[in-house]
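Trainee: give me the fold of what follows.
(one chain, ligands or ions: 2)
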Amino acid sequence: MITFPNAKINLGLNITEKRPDGYHNLETIFYPVPLEDALEIHVASHTKEKITLQQKGIVLDGNPYDNLVVKAYRLLDKEFDLPPVDIHLYKRIPCGAGLGGGSSDAASMLKLLNKKFSLELTDIELEKYAAMLGADCAFFIKNIPTYAEGIGNIFSPVTLSLKGYKIILVKPDIFVSTREAFSLIKPHKPEYSLKELAGTSVHEWKNKMVNDFEDSVFPQFPIIKEIKDELYRNGAIYASMSGSGSSVFGLFAPEAILPDINFGSESFVFRGSL
Ligand SMILES: C[C@@](CO)(OP(=O)(O)O)[C@H](O)COP(=O)(O)OP(=O)(O)OC[C@H]1O[C@@H](n2ccc(N)nc2=O)[C@H](O)[C@@H]1O
Ligand SMILES: Nc1ncnc2c1ncn2[C@@H]1O[C@H](COP(=O)(O)OP(=O)(O)O)[C@@H](O)[C@H]1O
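Mentor: Ligands and ions are numbered 1, 2, ... in the order given. This is a model prediction of the structure:
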């Protein structure tokens, strides 16, 4: 059984408050993007191991068995004593990019196991398991445009559709530490309500729908701001960094022919339609 976990972007990201536990309250809109990994599972018949993992594509640092797809399997295995599986994961979504690739893989693994082994878990139950694996992981269970608040884990739906809009997504060869990016931020109430902006045309968003991480990340890595400026210079209706970076996206009109911009050989570039 195979599935294709997709990335997300953040439309607006307001960091409103530092909490006594050191985390931050925020509000954002998660929006699915058709940049995909591939994740396949088979029942393993000739092995004593419960899991084997073969990972290709983008190379991930660290121990392969710390992969979030393995953590997702272990979480359900504890409850349901699952049959052993061979996992094949092909990574195309850049890591540490603010694109939620790891969380998406984990949520897809929960959904695959639910289907393959007829566990009969509802979306609400799957979301509870997903939330144990990462703050934005639960979003990928329903995988629809979602307004998130709290530490990024309290969801409500938004009636916002960018269907047909074109997107250029650029990930420069820069690693941004989410923890450090948070530590450099002074939380504040947003100037414009994100929920209200989400109900307006994309043409209204420039300079109003903001990602607060840009204030702390752009001075440290001016090249990320240059990418955003370049997207606007080339006709983007709206452009922003996603999450805590370092990827930046530009939204273009459905009828636009996407410009051929050279972001350098070190950058990952995705061009597509929403
Ligand atoms: C800010 C977002 C928005 O999408 O960034 P991206 O991951 O997409 O870039 C996410 O909420 C990121 O959530 P997540 O990626 O799960 O962050 P974690 O690894 O749990 O947290 C890394 C560190 O960031 C800080 N942190 C995280 C979330 C939060 N609401 N407040 C925080 O202060 C904490 O110091 C934490 O130790
Ligand atoms: N399946 C996975 N895909 C990507 N990263 C993973 C995965 N499993 C664990 N990780 C770890 O999670 C970290 C964050 O990855 P990712 O979710 O892609 O970040 P972000 O949400 O910032 O885009 C990576 O540095 C990596 O070590």
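
Trainee: C-alpha from now on. contacts and neighbour counts both.
Mentor: Fine.

Trainee: output the set of residues of the stretch 1-150 of the chain in proximity to ligand 1.
Mentor: Within the stretch 1-150 of the chain, the positions near ligand 1 by Cα under 6 Å from any ligand atom are 22-25, 98-100, 134-136.

Trainee: so which of those residues is the most crowded?
Mentor: Highest neighbour count within these: residue 99, with 30 neighbours (other Cα atoms under 10 Å).

Trainee: got a list of what that residue touches?
Mentor: When contacts are counted by Cα atoms under 8 Å, 6 or more residues apart in numbering, residue 99 touches 7-9, 93, 242-243, 247.

Trainee: make a ChimeraX selection of the buried ones in those residues.
Mentor: Burial among the contacts of residue 99 is assessed by 16 or more other Cα atoms under 10 Å; the matching ChimeraX selection reads:
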select :7,8,9,93,242,243,247
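
Trainee: reformat the contacts of residue 99 as a markdown table; add distance to residue 142, secondary structure and pLDDT.
Mentor: Putting the contacts of residue 99 into a markdown table (distance: Cα to Cα, whole Å; DSSP: H, G, I helix; E, B strand; the rest coil; pLDDT from 0 to 100) gives the following:
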| residue | distance to residue 142 | secondary structure | pLDDT |
| --- | --- | --- | --- |
| 7 | 13 | strand | 98 |
| 8 | 12 | strand | 98 |
| 9 | 15 | strand | 98 |
| 93 | 19 | coil | 97 |
| 242 | 20 | coil | 98 |
| 243 | 19 | coil | 96 |
| 247 | 23 | coil | 97 |
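
Trainee: separation between residue 218 and ligand 1?
Mentor: Applying Cα to the nearest ligand atom, to the nearest Å, the value for residue 218 to ligand 1 is 14 Å.

Trainee: would you mind confirming that that residue is in contact with residue 227?
Mentor: No - Residue 218 is not in contact with residue 227 according to Cα atoms under 8 Å; the separation is 10.6 Å.

Trainee: who has more neighbours out of the two?
Mentor: Set residue 218 next to residue 227 and count neighbours by other Cα under 10 Å: residue 227 wins out with 24 against 16.

Trainee: if we can go back for a sec, got JSON lines for the residues of the stretch 1-150 of the chain next to ligand 1, with pLDDT and distance to residue 212 too?
Mentor: Shown next, in JSON lines, are these (pLDDT from 0 to 100; distance: Cα to Cα, whole Å):
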{"residue": "22", "pLDDT": "91", "distance to residue 212": "17"}
{"residue": "23", "pLDDT": "91", "distance to residue 212": "15"}
{"residue": "24", "pLDDT": "94", "distance to residue 212": "12"}
{"residue": "25", "pLDDT": "96", "distance to residue 212": "12"}
{"residue": "98", "pLDDT": "94", "distance to residue 212": "13"}
{"residue": "99", "pLDDT": "96", "distance to residue 212": "16"}
{"residue": "100", "pLDDT": "95", "distance to residue 212": "18"}
{"residue": "134", "pLDDT": "89", "distance to residue 212": "21"}
{"residue": "135", "pLDDT": "83", "distance to residue 212": "18"}
{"residue": "136", "pLDDT": "90", "distance to residue 212": "17"}
